[in-house]
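Student: Got a predicted structure here, sequence first:
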Amino acid sequence: QVQLVESGGGKVQAGGSLRLSCAASGPAFRNYAVGWFRQAPAKEHEFVASINFNGISSNYLDSVKGRFTITRDNAKNTGYLQMNSLKPEDTAVYFCALERFPYRSGALSPGDVGSWGQGTQVIVSS
């Protein structure tokens, strides 16, 4: 199983930016879609964004479209989530996720996930 380690979370004021990284433990990373989910206190896991194995197609939660950008660097076995124009409602723990099956595209649901990262906290103050 591929291990995922997130970094880049923190506290920022509304309107600010953060870049999350998701480092995978091996080259198998490049065969799988990678995505980000988030969970705010007392709320369900929520899909945020995903990008397919070769980086050609991506999907976003409607509320983050135009503000968040998901990318990947398969040579570095790393995925990224650039978050701009952050809002207090973006406050959550953000989890990196790797698709269970290779070479697929489309938005991810929790049931599609084969590997999860440990999560990184994002706090946006007003």
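Tutor: Ah, there it is. Note that this is a predicted model, so its numbers are computed, not measured.

Student: Count the neighbours of the residue nearest to Ser125 when sequence neighbours are not counted for me.
Tutor: Nearest residue to Ser125, sequence neighbours excluded (Cβ to Cβ, 6 or more residues apart in numbering): Gln13, at 5.5 Å. Yep, even glycine has a C-beta here, placed from its N, CA and C like the rest. Gln13 has 11 neighbours, counted by other Cβ atoms under 10 Å.

Student: my read: Gln13 touches Val124, true?
Tutor: Yes - contact between Gln13 and Val124 holds when scored by Cβ atoms under 8 Å: they sit 7.3 Å apart.

Student: So what's the residue count around the nearest residue to Asn52 once chain neighbours are set aside?
Tutor: Excluding the flanking residues, the one nearest Asn52 by Cβ to Cβ, 6+ apart is Ser105, at 3.9 Å. Around Ser105 there are 15 other residues, counting by other Cβ under 10 Å.

Student: Ile123 versus Ser105, what's the distance?
Tutor: Per Cβ to Cβ, to the nearest Å, Ser105 is found 32 Å from Ile123.

Student: Then Gln3?
Tutor: Separation of Gln3 from Ile123 (Cβ to Cβ): 25 Å.

Student: Compare those two (neighbour count), which wins?
Tutor: Ile123 (16 against 13).

Student: In which helix or strand does the more buried one reside?
Tutor: Following DSSP states H and E, one finds Ile123 within strand 120-125.

Student: for that strand, what is the average pLDDT?
Tutor: Model confidence over strand 120-125, given as mean pLDDT, is 98.

Student: Stretch 71-87 now?
Tutor: Across stretch 71-87, the average pLDDT comes to 97.
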